[in-house]
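Enquirer: no sequence on hand, only this structure:
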């Protein structure tokens, strides 16, 4: 019984219309692990950092229940660094700097005690590296969720398509769904993507919510209209973390339960965007999360008669 | 007991990524009247056309229950004409041609028997003309709903702000809400706009659904993810027509009932976008509408436990 999380643990420097940061902790796996840890705490993390990474954040991950045996710390090397600036609408951004550093030759090694996870969350990474993780497992997980992005569609589509045949759930945003399928209609895009491997597709639409598709059904979860969206960085990763954390907790991978998992994922994302980086995901309580989920219920609830 | 609808009855020529039309029937009041007529049939229409307008469409409106005594037909003049081309994402469009024709000096005259409506739907028009309609009424309606657009914010903001003080519900899209309020956050935008006059604000987000705000509550209605969005023209007007038609039918203007009205409005809009112009709004049945509403219920329905 465990959840294996793979992805980057890294530094970001972020500029939004509301402020800017120096180097702060980021990375897909950081957000995923934190968000998932509020639901489930047998988490193994596989990632790579340099020796420049703050011990304090690693201790936070451990306190939240994450086992870091699979986190490689490269002596004398630097952690992955990304700098970006969001446009006024927060829906698009420019990359100002990318320093791969330790990520350039990342060779993921899954520790022995983490090789038979029930749940595997592959955060955004080189598709070939994501495959390498799957190939080290001694047992097929109950559920594999893959997150990816347009960058890999541009430069590694063949690898990505192969990875897609190995997973159960794919999470991407709306423009990525259009790019991957070549279809503008999200319904048609979903139909095509569900023939590429995944049995379930989640299309993330940022402030416009998320769509969940399988071959028969579709479910829509709204995003909360927030008074302050401060920094969208990590929203999609937090969403994925809440989604898989809730599924791991409940051990139920039915479509009905995935609807609930999407609501919990959306709740975690709604916290993340309220502050820079991972700040808001640290020190949350079950009560705060339940209150937030209740806001989603009230937002969409109506009786026809 | 009646619903007064004011707005354009006009010609459009439309180009979308999926096809193009010659001159076809359009205009805000055409869509509003058709959509509302499936819920309520004591409708009085106030508008203006030239003598170039097809008798057949006027007969359709009459058959749907609309009284056309307030529809001025200007001999020897031409109806309002708009030509536009949608971009690939269907969310933005270029105006190719606008011929005001009869609209240039439109002086709305509300017939005696229509001067005390219970419900008034002011479709998108010159704000000063919308005011002229209100000033002719002998009794304050139970509910006045106003639709407007960015064009009037650009050239007639003072008139628009005055009109806003006279209405109960405002329907605009998300970028218009931002323009009117000067706030990017839709929550903050709503707070500001609700101080300008309307007690209720509907923010239409096209394919991303709609938000309903009053001073205490917020409700989100999704848009159906449609396989084919063919032509977005008239979607907002059909939404408004379904919304006010449902309210007029149920005679209930509580926030709870407005939630239902928004679902019915969204259903009517989802039909409109499936074909060019008003085509899809003609010949609908109660059963088809109920089935469509049921799709909305299923799309957002989830149980937390």
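Expert: Everything's here; your move. Small disclaimer: the values here were computed from a predicted structure and weren't measured.

Enquirer: can you list the buried residues in the host helix or strand of residue A:129?
Expert: Using DSSP states H and E, residue A:129 sits in helix A:127-136. Neighbour counts over helix A:127-136 (16 or more other Cβ atoms under 10 Å in any protein chain shown) mark A:127, A:129-134, A:136 as buried. Every residue, glycine included, has its C-beta placed from N, CA and C.

Enquirer: before we move on, what about stretch A:251-266?
Expert: Under 16+ other Cβ under 10 Å, the buried positions of stretch A:251-266 are A:253, A:258-266.

Enquirer: of those, which are in range of chain B?
Expert: Contacts with chain B within the buried residues of stretch A:251-266, counted by Cβ under 8 Å from any Cβ of the partner chain: A:259-260, A:263.

Enquirer: any idea how far chain B is from residue A:108?
Expert: 35 Å (Cβ to the nearest Cβ, to the nearest Å).

Enquirer: surely that residue is within a helix?
Expert: No. Assessed with DSSP: H, G, I helix; E, B strand; the rest coil, residue A:108 is coil; it does not lie in a helix.

Enquirer: of the buried residues of stretch A:251-266, which belong to helices?
Expert: Cross-referencing the buried residues of stretch A:251-266 against helices under DSSP state H gives A:258-266.

Enquirer: so what pLDDT did residue A:194 get?
Expert: pLDDT, residue A:194: 98.

Enquirer: next: residue A:230.
Expert: For residue A:230, the predicted pLDDT is 87.

Enquirer: follow-up on the earlier one: helices or strands up against the helix holding residue A:129?
Expert: Packing contacts for helix A:127-136, counted by 3 or more Cβ pairs under 8 Å, 6 or more residues apart in numbering or on different chains; DSSP states H and E, involve strand A:3-6, strand A:119-122, helix A:157-164.

Enquirer: what's the first one in contact with?
Expert: I take that to be strand A:3-6. A:29, A:32-33, A:36, A:40, A:42-47, A:66, A:108, A:110, A:114, A:117-123, A:125, A:129-130, A:133, A:141, A:241, A:244-245, A:248 (Cβ atoms under 8 Å, 6 or more residues apart in numbering or on different chains).

Enquirer: also stretch A:50-64?
Expert: A:9, A:11, A:25, A:30, A:33-34, A:37-38, A:41, A:43, A:45, A:68, A:71, A:73-79, A:101-102, A:278, A:282.

Enquirer: quick check: which of the residues you listed are also close to chain B?
Expert: Okay, of those, nothing touches chain B (Cβ under 8 Å from any Cβ).

Enquirer: could you turn the buried ones of those residues into a PyMOL selection?
Expert: Applying 16+ other Cβ under 10 Å to the contacts of stretch A:50-64, the buried members can be selected in PyMOL as follows:
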select buried, chain A and resi 9+11+25+30+33+34+37+38+41+43+45+68+71+73+74+77+78+79+101+102+278
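
Enquirer: take the contacts of stretch A:50-64 and keep only those in helices.
Expert: Using DSSP H, the contacts of stretch A:50-64 in helices are A:30, A:33-34, A:37.

Enquirer: which one of those residues is nearest to chain B?
Expert: residue A:37 (20.7 Å; Cβ to the nearest Cβ).

Enquirer: I'd say that closest one and residue A:31 touch.
Expert: No. Contact criterion Cβ atoms under 8 Å: residue A:37 and residue A:31 do not qualify, at 10.8 Å.

Enquirer: what does chain A put close to chain B?
Expert: Checking chain A against chain B by Cβ under 8 Å from any Cβ, the hits are A:17, A:88-89, A:184-188, A:205, A:208-209, A:211, A:218-222, A:225-229, A:256, A:259-260, A:263, A:293, A:297-300, A:302-304.

Enquirer: among these, name the ones in strands.
Expert: A:211, A:218-221 (DSSP state E).

Enquirer: redo those residues as CSV? Include pLDDT.
Expert: Converted to CSV, those look like this (pLDDT from 0 to 100):
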residue, pLDDT
A:211, 97
A:218, 96
A:219, 96
A:220, 95
A:221, 94
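
Enquirer: need these in JSON lines (columns: distance to residue B:271 and neighbour count).
Expert: Shown next, in JSON lines, are these (distance: Cβ to Cβ, whole Å; neighbours: other Cβ atoms under 10 Å in any protein chain shown):
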{"residue": "A:211", "distance to residue B:271": "20", "neighbour count": "23"}
{"residue": "A:218", "distance to residue B:271": "18", "neighbour count": "19"}
{"residue": "A:219", "distance to residue B:271": "22", "neighbour count": "22"}
{"residue": "A:220", "distance to residue B:271": "18", "neighbour count": "27"}
{"residue": "A:221", "distance to residue B:271": "24", "neighbour count": "28"}
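
Enquirer: looking at the residues you listed, spot the one nearest chain B.
Expert: Looking across those and measuring by Cβ to the nearest Cβ, the closest to chain B is residue A:220, at 4.5 Å.

Enquirer: not counting residues beside it along the chain, what's closest to the closest one?
Expert: Leaving aside its sequence neighbours, residue A:220 sits nearest to residue B:222 (Cβ to Cβ, 6 or more residues apart in numbering or on different chains; 4.5 Å).
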